[in-house]
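Engineer: please work out how this folds:
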Amino acid sequence: MFALLYTVALVLDLGDEWQDPWFTGLFLLGAAAAGITGMTRLKFLILLVAVTSYNLVFRFPEVANHVNLTICLNVAMILAMAYSFVRHRNADTAPVDYFTAISPLLRLSLVLVYFLAGFHKLNSDYFNPEASCAAGFLGLVIAALRTSVLGIPAVVMVTAVGVVAGYRLSRRGRFGSRGSLVFTTVVVTIGSVGLGGALAILLEPQTGRAPALAIGMVAAAAVLGWELAGSLLLTVPRLQAAILAFSLSMHAALALVGFADFGALALALLFSFVPASYQQVLIVDGGVRIRGFVVHRVHIYGAIGIAVTLFSGTRVVVQRLPHEPLIAGLLFDLAVLIAIWPILATVFSPSPRPVWGGVRILNRRMPAFLYVFPVVLVLMGMTPYLGLRTAGNFSMFSNLRTEGDTSNHLLLGANPLKVWGYQEDIVWIVDIDDRVGQRIHHYDQSPRGYALPVVEFRKWIQEWSRAGDHVPLTYGYRGELHTTDDIVTDPRWRTDSRTPAMVLLDFRVIQPGQPNWCRW
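Structural biologist: Numbering: from 1, shown residues only. Model (predicted):
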């Protein structure tokens, strides 16, 4: 089950942009074949080797934060699987033994990524209502929920599904039963707040500037609490169920604005926190009868994931469809609800239920060599403070700025850990042809007026060289203004091959002035 959940996350990541349609299509077919014929360790190993090789050779280091996480986990799981093939020859127990061995790494990695993402947000600009990424994302989610699909506002669809699901669960008997007053109160409160929020979004009240800023700051505090405090609470077995529920809710909201791929990865890793008794609930009670055939819910989840990938792939064949990220997010959220329904039904059931005692983060079954990978994740997360890469290190949408002598971080403002000077050796883009600038920049706006480290600048030049571009450029470097007819062939900047720093490092563009606005 974990392998299927994780494979869907890999498929959604590749299908998010379809950068290489041939590899994405072949990997999708391979993943579908493995799911239909029955996932095994060998099939999972082949899929992991294929996607890891592709990411390292053709995409790294310019990859998203969650792709760096999957690369790290993939390598760890490949090594652990090779180890399990040698140590565990019993075909009946090997998959269970393998999952028991790697699940501590999965849990610890998710805790670290959440914590590092929250730690990066401890900066002054994140708490600036005008610039905060949290406030911006709240606005995007609200805008998505107000958007109509087939003439129906998305918030109405989400609310309708919530009401139907709540009614079905309440019919199980626990809702309002004797001895569950607290449970009933919590459910009624959450339901009332949810319906009230849905109505507020649908009616689009004009709240005014001050309340909107206050709501944005509440969102900033909620996200920070989820990532920074929630990650630590995940280490407490008795509190894991609540944090898992909240995390799934947050990822469901983010899926509506284009982050279904990260939500799928989070779901796979959160599965490692589910106690064995409830894993059995998902496995044993996961069958759904469809026209005489019994289909497991995880396969329905996978099928919807593939449908989302194909839907996203329409941008390769035809023009981008209207509301594509929203529709993909709605489908993904529905797939998650279908997949976890047996757990929800069991929790609401009046019959005796397995005790959710949580799980310990670590156990002795994990091979000692796997502890190297959490260390790698921590070092990767600390790279902006060391003067190394500023992108792909879990600082996404954090407003963090470490370039220069000082940082906007509340605890590391003086940059006491900075050792390398890559972030200070920068080039300012004064004037450039927007057609080539935006293609490399990967943003909607022109890179004109922004700066970037020389390491990143040389990667841009190499990309232009490969594409055969002629790029007139006016730039500033070390206090001097320069103009060149073609930066690609300029003897000072011509870049024919990548240095080790170019292979390993990835940097965001550096904006002028303050505050540091929300950027990927």
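Engineer: what's the longest strand along the chain in contact with?
Structural biologist: As assigned by DSSP state E, the longest strand anywhere in the chain is strand 426-432. Contacts of strand 426-432 with the rest of the structure, by CB atoms under 8 Å, 6 or more residues apart in numbering, involve 403, 437, 446-454, 457, 471-477, 481, 510. From N, CA and C alone the C-beta is placed, and that goes for glycine too.
Engineer: any idea how far stretch 298-307 is from the chain center?
Structural biologist: 18 Å (CA atoms, centre = their mean, to the nearest Å).
Engineer: residue 305 and residue 334 touch, don't they?
Structural biologist: No - contact criterion CB atoms under 8 Å: residue 305 and residue 334 do not qualify, at 11.1 Å.
Engineer: just the buried members of the contacts of strand 426-432?
Structural biologist: Using 16 or more other CB atoms under 10 Å as the burial test, those include 403, 437, 446-448, 450-454, 457, 471, 473, 475, 477, 510 as buried.
Engineer: show me these that map onto strands.
Structural biologist: 451-453, 473, 475, 477.
Engineer: could you dump those residues to a markdown table with pLDDT and distance to residue 118?
Structural biologist: Output for those, formatted as a markdown table (pLDDT from 0 to 100; distance: CB to CB, whole Å):
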| residue | pLDDT | distance to residue 118 |
| --- | --- | --- |
| 451 | 94 | 28 |
| 452 | 93 | 27 |
| 453 | 96 | 26 |
| 473 | 94 | 39 |
| 475 | 96 | 36 |
| 477 | 96 | 36 |
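Engineer: for residue 311, give its distance to residue 327.
Structural biologist: Distance, residue 311 to residue 327, by CB to CB, to the nearest Å: 7 Å.
Engineer: can you pick out the most distant pair from the buried ones among the contacts of strand 426-432?
Structural biologist: Spatial extent of the buried ones among the contacts of strand 426-432 (CB to CB) is set by the pair 403 and 471 at 24.0 Å.
Engineer: ok, of the ones in strands among the buried ones among the contacts of strand 426-432, which one's closest to residue 85?
Structural biologist: Once CB to CB is applied, the member of those that ends up nearest residue 85 is residue 453, at 42.8 Å.
Engineer: quick one, what contacts the closest one?
Structural biologist: Applying CB under 8 Å, 6+ apart, one finds that residue 453 lies in contact with 422-423, 425-427, 507, 510.
Engineer: check contacts around residue 299.
Structural biologist: Applying CB under 8 Å, 6+ apart to residue 299 gives the contacts 4, 35-36.
Engineer: could you dump those into a markdown table with distance to residue 121 and secondary structure added?
Structural biologist: Output for the contacts of residue 299, formatted as a markdown table (distance: CB to CB, whole Å; DSSP: H, G, I helix; E, B strand; the rest coil):
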| residue | distance to residue 121 | secondary structure |
| --- | --- | --- |
| 4 | 32 | helix |
| 35 | 37 | helix |
| 36 | 42 | helix |
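Engineer: buried only: go through the residues you listed for me.
Structural biologist: Using 16+ other CB under 10 Å, the buried members of these are 4, 35.
Engineer: which residue ranges of the stretch 101-250 of the chain form helices?
Structural biologist: 133-146, 154-170, 181-203, 209-224, 230-233, 240-255 (DSSP state H, counting those that start in this stretch).
Engineer: and these: which comes nearest residue 9?
Structural biologist: When the helices of the stretch 101-250 of the chain are compared (using CB to CB), the closest one is helix 240-255, at 11.3 Å.
Engineer: I'd like to know which elements the helix or strand harbouring residue 377 is packed against.
Structural biologist: Here residue 377 sits within helix 372-381, counting by DSSP states H and E. For helix 372-381, the elements it packs on are helix 65-87, helix 94-120, judged by 3 or more CB pairs under 8 Å, 6 or more residues apart in numbering; DSSP states H and E.
Engineer: quick one: average confidence on the last one?
Structural biologist: Read it as helix 94-120. For helix 94-120, mean pLDDT is 92.
Engineer: that one to helix 372-381, inter-axis angle?
Structural biologist: Helix 94-120 and helix 372-381 are oriented at 20 degrees to each other (axes from the mean of the first three to the mean of the last three CA atoms, to 10 degrees).
Engineer: quick check: buried residues in helix 94-120?
Structural biologist: Buried-residue list, helix 94-120, by 16+ other CB under 10 Å: 94-95, 98-99, 101-120.
Engineer: which one of the helices and strands packed on helix 372-381 lies closest to residue 244?
Structural biologist: Here helix 94-120 is closest among the helices and strands packed on helix 372-381 (CB to CB), at 10.4 Å.
Engineer: show me what the closest one packs onto, helices and strands only.
Structural biologist: helix 41-54, helix 65-87, helix 230-233, helix 260-270, helix 372-381.
Engineer: ranking those by mean pLDDT, which is last?
Structural biologist: Across the helices and strands packed on helix 94-120, helix 65-87 gives the lowest mean pLDDT, at a mean of 91.
Engineer: between residue 305 and residue 334, which one's more packed in?
Structural biologist: Taking neighbours as other CB atoms under 10 Å, residue 305 and residue 334 compare with residue 305 leading, 32 against 17.
Engineer: list the contacts for the residue nearest to that one when sequence neighbours are not counted?
Structural biologist: Distances taken as CB to CB, 6 or more residues apart in numbering put residue 8 closest to residue 305, at 4.0 Å, once the chain neighbours are dropped. By CB under 8 Å, 6+ apart, the residues touching residue 8 are 31, 264, 268, 301-302, 305-306.
Engineer: switch the cut-off to 6 Å
Structural biologist: 264, 302, 305 (CB atoms under 6 Å, 6 or more residues apart in numbering).
Engineer: select the helix or strand of this structure having the lowest average pLDDT value.
Structural biologist: helix 314-317 (a mean of 61; mean pLDDT, DSSP states H and E).
Engineer: next structured bit after it?
Structural biologist: Past helix 314-317, the next helix or strand by DSSP H and E is helix 324-348.
Engineer: how about stretch 477-493: buried residues?
Structural biologist: Here stretch 477-493 shows 477, 482, 484, 487-488, 493 as buried, counting by 16+ other CB under 10 Å.
Engineer: and those residues, which two are furthest apart?
Structural biologist: 477 and 488 (16.2 Å).
Engineer: quick one: which of the contacts of residue 453 is nearest residue 171?
Structural biologist: Of the contacts of residue 453, the one sitting nearest to residue 171 (CB to CB) turns out to be residue 507, at 54.4 Å.
Engineer: mean confidence score for the longest strand of the chain?
Structural biologist: 94.
Engineer: what's the answer for stretch 15-28, then?
Structural biologist: 89.
Engineer: ok and the helix or strand that contains residue 308 relative to helix 260-270, angle-wise?
Structural biologist: Taking DSSP H and E as the criterion, residue 308 maps to helix 297-312. Inter-element angle recorded for helix 297-312 and helix 260-270: 160 degrees (by the same axes, to 10 degrees).
Engineer: in helix 297-312, which residues are buried?
Structural biologist: The neighbour-count check on helix 297-312 (16+ other CB under 10 Å) flags 297-306, 308-309, 312 as buried.
Engineer: stretch 11-28 now?
Structural biologist: So for stretch 11-28, counting by 16+ other CB under 10 Å, buried means 11-16, 18, 24-25, 27-28.
Engineer: ok now that stretch, how far from the chain's centre?
Structural biologist: 17 Å.
Engineer: and it, how far apart are its ends?
Structural biologist: 6 Å (CA to CA, to the nearest Å).
Engineer: quick one: contacts of it?
Structural biologist: Residues from elsewhere that reach stretch 11-28 (CB under 6 Å, 6+ apart): 31, 54, 260-261, 264, 305, 309, 312-313, 316.
Engineer: having no further points to raise, I will conclude here.
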